[in-house]
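A.B. asks: Task: produce atomic coordinates for the following.
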Amino acid sequence: MKIPVGLEWWRTVPGGAEWLEALPDIVVACAEQWSLRVDFPFADGHVSLVVAVERLDGVPAVLKVNFPEEESEREPDALRHWGGRGAVLLLEHDEGRRALLVERCVPGRQLWSIEDDGKATGIAAQVLARLWSPPPAEHRFLRLADLAERWAVELERDWETLGGPYERTLLEVATTTCLELGRDQVDEVVLHQDFHGGNVLRAEREPWLAIDPKPLVGERAFDAASLLRDRRWLLGRPNDAARIRRRLDLLAGDLSLDRERMRLGGIAHALAWGVSGGKLEADMVECARLLHEARP
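C.D. replies: Numbers count the residues shown, from 1 in each chain. Below you'll find the predicted structure:
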């Protein structure tokens, strides 16, 4: 099986080359274990290997193999917790191989296919409302409060390492948010954390289903972060600032969320994900700026 070119960047990560070399054998082992017919890998995969498969009963499914790292480690726990409510069903899981067999969304069109930003935001809000529920009493999810404290340290360190690649004011807003809002979590639920138009697919069992969570336990307002800065509809288009303000207003109204906590959480998340380990994603920094400008 040919591994998608988009996964080749893993060779720059410790253990990445070995993981890529092992992927064909992992797919074969999972196919034997779960009686699957392997169709083809999705060519646009750039983080995990995602393969179209068919079960013995002819039902289409998706085999997903994650790189063994912290961010995706609890994905099966989240899917199991949601039980198909707003997200794809988890059908099988092999923890040792970091492999998941999940429901295939048909027709599978991404929420990005809806050009109207307001309409897409409204649909996204409906899916988020389906996902959010309190975590089990015993769970293995990371807590946003703990992760935010780590981000505060890493943001300061990476800003210094990269020679101050963006405004000090923006850094101070992000680190303060991590330390203050991170500790003050209200009504914690299981969060998706990477909820944007590419991770919401058209389906039959429910109109739209979420995929690929990077789950945390924390407050609802934080889960708007990736959606607020969703770059499919941002950057280089007219009225970017107005568009992000409208998203804030729509989500605050539809989901009864605190607009300011959403905005601040979005800034912190954009910089924590966009500036780390010596890399800088300029578009993530620009999204943080747009959110900063959207203050009341």
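A.B. asks: How many residues are close by Ile244?
C.D. replies: Other residues lying near Ile244 total 23 when counted by other CB atoms under 10 Å. Placement of C-beta: from N, CA and C, glycine included.
A.B. asks: check which helix or strand covers the nearest residue to it once chain neighbours are set aside.
C.D. replies: Closest residue to Ile244 apart from its sequence neighbours, by CB to CB, 6 or more residues apart in numbering: Leu290 at 5.0 Å. Using DSSP states H and E, Leu290 sits in helix 282-293.
A.B. asks: Can you list the buried residues in the helix or strand harbouring Met262?
C.D. replies: Here Met262, judged by DSSP H and E, is contained in helix 259-274. Judged by neighbour count (16 or more other CB atoms under 10 Å), helix 259-274 contains these buried residues: 259, 261-274.
A.B. asks: swap in stretch 150-163?
C.D. replies: Trp151, Ala152, Glu154, Leu155, Asp158, Trp159.
A.B. asks: what about the helices in the stretch 151-296 of the chain?
C.D. replies: In the stretch 151-296 of the chain, the helices defined using DSSP state H, counting those that start in this stretch lie at 168-183, 225-228, 240-255, 259-274, 282-293.
A.B. asks: between these, which gets nearest to Val200?
C.D. replies: Closest of those to Val200 is helix 225-228, at 9.2 Å (criterion: CB to CB).
A.B. asks: Find the residue closest to Leu100 in space, skipping its chain neighbours.
C.D. replies: Lys64 (4.7 Å).
A.B. asks: Per-residue pLDDT of that neighbour, please?
C.D. replies: With respect to pLDDT, Lys64 has a value of 98.
A.B. asks: what's the answer for Leu234, then?
C.D. replies: 67.
A.B. asks: circling back: for the helix holding Met262, name the packing helices and strands.
C.D. replies: Applying 3 or more CB pairs under 8 Å, 6 or more residues apart in numbering; DSSP states H and E, one finds that helix 259-274 contacts helix 144-161, helix 168-183, helix 225-228, helix 240-255, helix 282-293.
A.B. asks: Would you mind listing where the protein has pLDDT under the threshold?
C.D. replies: 232-235 (pLDDT under 70).
A.B. asks: Name all residues that make contact with the most centrally placed residue in it.
C.D. replies: In the chain, the C-alpha nearest the mean C-alpha coordinate belongs to Asp194, at 1.7 Å (CA atoms, centre = their mean). Taking CB atoms under 8 Å, 6 or more residues apart in numbering, we find Asp194 in contact with Asp212, Pro213, Lys214, Ser226.
A.B. asks: wait, the third one sits on His192?
C.D. replies: This means Lys214. Yes. Counting by CB atoms under 8 Å, Lys214 touches His192, with 7.4 Å between them.
A.B. asks: Which one's more surrounded, the two?
C.D. replies: His192 (26 against 21).
A.B. asks: And the more buried one, how far from Trp132?
C.D. replies: 9 Å (CB to CB, to the nearest Å).
A.B. asks: intersection of neighbour lists for those two?
C.D. replies: With CB under 8 Å, 6+ apart as the test, His192 and Trp132 both reach Asp223.
A.B. asks: secondary structure class for Lys64?
C.D. replies: strand (DSSP: H, G, I helix; E, B strand; the rest coil).
A.B. asks: Show me how the record splits this structure into domains.
C.D. replies: When the chain is parsed with automatic domain parsing, its domains come out as 5-103, 114-293.
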